[in-house]
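Chemist: pasting the structure only:
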Ligand SMILES: Cc1cc2nc3c(=O)[nH]c(=O)nc-3n(C[C@H](O)[C@H](O)[C@H](O)COP(=O)(O)OP(=O)(O)OC[C@H]3O[C@@H](n4cnc5c(N)ncnc54)[C@H](O)[C@@H]3O)c2cc1C
């Protein structure tokens with residue numbers, strides 16, 4: 001395994017649970033801010049917001065019920081600090097201001113217990129890393145991997161601590177995956193010309209487990225509920241504002257208080273003031289957004305998982321869920337192999353690649369389609385969007401299907 005992010009950690013853990021022995025090359029010591037590395041100047045060293053003696057992570061994930069079940073099987077879900085988890089029971093999606101169209105997803109209406117759970121990055125990293133340090137069968141190697149060579153029945157990975165021999169290389173080394181390059185796998189994709197501005201904000205009224213999303217001419221703005229007990233007991237929200245580059249620069253310059261004022265106006269005008277005025281809870285970070293897709297998921301004795309395999313727009317909050325779905329499928333394929341095959345056997349890896357083709361394609365099309373659709377400001381397109389949202393909102397069975405799909 002190569003990569004010390006959440007997907008790499010989950011791969012090491014899932015392999016150990018399946019009785020597979022592995023070497024986990026974790027890269028440089030984690031700072032907790034790898035995906036925002038290019039913007040470290042904007043971010044506190046640990047990418048955390050520290051307010052009034054309590055601290056919140058700047059990076060949070062909407063974890064789907066399917067991913068929650070997977071993490072439960074890895075026996076880490078119950079190790080998360082329950083007081084820091086925020087269930088999402090409702091989601092309110094607002095279309096263009098002119099159309100006034102809105103979409104409501106409720107856990108009750110769609111017959112699910114919850115739509116997702118908001119979890120902080122460092123909480124997930126903590127439970128995965130702790131579990132990986134206790135389980136037998138995982139050799140943890142600090143430092144970077146620097147390529148690998150493929151032999152007939154094994155591979156040799158070059159690491160800063162010397163070579164390591166294995167049956168297969170699993171690359172979980174992120175969007176710019178050097179291992180993917182070493183595998184000779186190309187990518188397709190494009191930059192969205194947008195950056196995700198992220199930050200935490202307090203709200204005057206309880207959010208009641210509701211996530212809000214606005215598709216606006218200034219980009220996609222999402223406010224996700226955070227656990228009150230993780231901070232000073234007051235209700236709080238995590239912002240992901242996917243803004244065109246020029247606006248993102250302006251937002252970063254204006255700072256958190258100015259964004260809180262902008263959001264307060266938006267909430268007052270287009271969320272029935274449900275949240276009340278917002279206040280800034282700390283620094284911001286901005287992450288360039290791109291779509292990238294590996295041409296293949298496997299090469300001789302090697303496989304890609306997580307962002308090394310696919311990077312999608314965060315508007316659906318599904319990138320990590322998709323990456324952990326890769327892990328589950330890959331380890332299932334290895335664990336279910338015939339006795340005469342080893343884990344790097346082509347047939348074993350092909351089963352993994354086939355299993356992931358459809359879910360990855362569907363999620364890429366959905367997120368990319370929505371990102372394009374709402375970036376198009378022609379009036380006719382805006383009208384169609386409004387109509388589409390209204391029709392979809394009335395179709396409860398269809399909504400159930402979508403919630404089930406996104407929930408894994
Ligand atoms: C604004 C934003 C919001 C998001 N929200 C959500 C959400 O709500 N829900 C969700 O499911 N997803 C979300 N995502 C997506 C999610 O952040 C990513 O899909 C996920 O973090 C990818 O994890 P990873 O482990 O594959 O990659 P990374 O986190 O990039 O980890 C890769 C690791 O590999 C290491 N590495 C690199 N090169 C080497 C080497 N040569 N040797 C060893 N190690 C190496 C790196 O140091 C790093 O630790 C969001 C993304 C963004 C940008």
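Modeler: Here it is on my side, so go on. In this text the structure is predicted, and so the values were computed from the model without any measurement. Residues are numbered from 1 along each chain as shown.
Chemist: mind listing what the nearest residue to residue 315 once chain neighbours are set aside touches?
Modeler: Nearest residue to residue 315 in three dimensions, chain neighbours excluded: residue 220, at 4.9 Å (Cβ to Cβ, 6 or more residues apart in numbering). Every residue, glycine included, has its C-beta placed from N, CA and C. Contacts here follow Cβ atoms under 8 Å, 6 or more residues apart in numbering; on that basis residue 220 touches 213, 214, 241, 242, 315, 371, 374.
Chemist: Turn those residues into a markdown table, columns for pLDDT, secondary structure and neighbour count.
Modeler: Shown next, in a markdown table, are the contacts of residue 220 (pLDDT from 0 to 100; DSSP: H, G, I helix; E, B strand; the rest coil; neighbours: other Cβ atoms under 10 Å):
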| residue | pLDDT | secondary structure | neighbour count |
| --- | --- | --- | --- |
| 213 | 90 | strand | 20 |
| 214 | 90 | strand | 25 |
| 241 | 97 | strand | 26 |
| 242 | 96 | strand | 25 |
| 315 | 90 | helix | 23 |
| 371 | 84 | helix | 22 |
| 374 | 76 | helix | 21 |
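Chemist: for those residues, which one is nearest residue 325?
Modeler: Of all the contacts of residue 220, residue 325 sits closest to residue 315, with 18.1 Å by Cβ to Cβ.
Chemist: From the ligand, how far off is the closest one?
Modeler: Using Cβ to the nearest ligand atom, to the nearest Å, residue 315 is found at 9 Å from the ligand.
Chemist: who in the stretch 301-408 of the chain is up against the ligand?
Modeler: 306, 307, 314, 317, 318, 319, 320, 321, 323 (Cβ under 6 Å from any ligand atom).
Chemist: Those into JSON lines, with extra columns for secondary structure, distance to residue 158 and pLDDT?
Modeler: Converted to JSON lines, these look like this (DSSP: H, G, I helix; E, B strand; the rest coil; distance: Cβ to Cβ, whole Å; pLDDT from 0 to 100):
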{"residue": "306", "secondary structure": "helix", "distance to residue 158": "21", "pLDDT": "98"}
{"residue": "307", "secondary structure": "helix", "distance to residue 158": "22", "pLDDT": "98"}
{"residue": "314", "secondary structure": "helix", "distance to residue 158": "33", "pLDDT": "94"}
{"residue": "317", "secondary structure": "coil", "distance to residue 158": "36", "pLDDT": "91"}
{"residue": "318", "secondary structure": "coil", "distance to residue 158": "33", "pLDDT": "93"}
{"residue": "319", "secondary structure": "helix", "distance to residue 158": "29", "pLDDT": "96"}
{"residue": "320", "secondary structure": "helix", "distance to residue 158": "28", "pLDDT": "98"}
{"residue": "321", "secondary structure": "helix", "distance to residue 158": "32", "pLDDT": "97"}
{"residue": "323", "secondary structure": "helix", "distance to residue 158": "25", "pLDDT": "98"}
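Chemist: And the residue of the stretch 51-200 of the chain with the smallest separation from the ligand, its phi and psi?
Modeler: Nearest to the ligand in the stretch 51-200 of the chain, going by Cβ to the nearest ligand atom, is residue 174, at a distance of 2.9 Å. Main-chain dihedrals, residue 174, degrees, to the nearest 10: phi 80, psi -180.
Chemist: coming back round to it: name the element the residue nearest to residue 315 belongs to?
Modeler: strand 219-226 (DSSP states H and E).
Chemist: in its sheet, what does that strand sit against?
Modeler: The strands that strand 219-226 pairs with in its sheet are strand 210-216 (antiparallel), strand 236-244 (antiparallel) (by DSSP bridges).
Chemist: quick one on the thing from earlier: how many neighbours does the residue lying closest to the residue of the stretch 51-200 of the chain closest to the ligand once chain neighbours are set aside have?
Modeler: In this structure, residue 174 finds its nearest non-sequential neighbour in residue 307, 5.0 Å apart by Cβ to Cβ, 6+ apart. Residue 307 is flanked by 25 other residues according to other Cβ atoms under 10 Å.
Chemist: mind listing what residue 307 touches?
Modeler: 5, 7, 174, 175, 177, 319, 323.
Chemist: What sits closest to residue 347 if chain neighbours are left out?
Modeler: residue 341 (6.3 Å).
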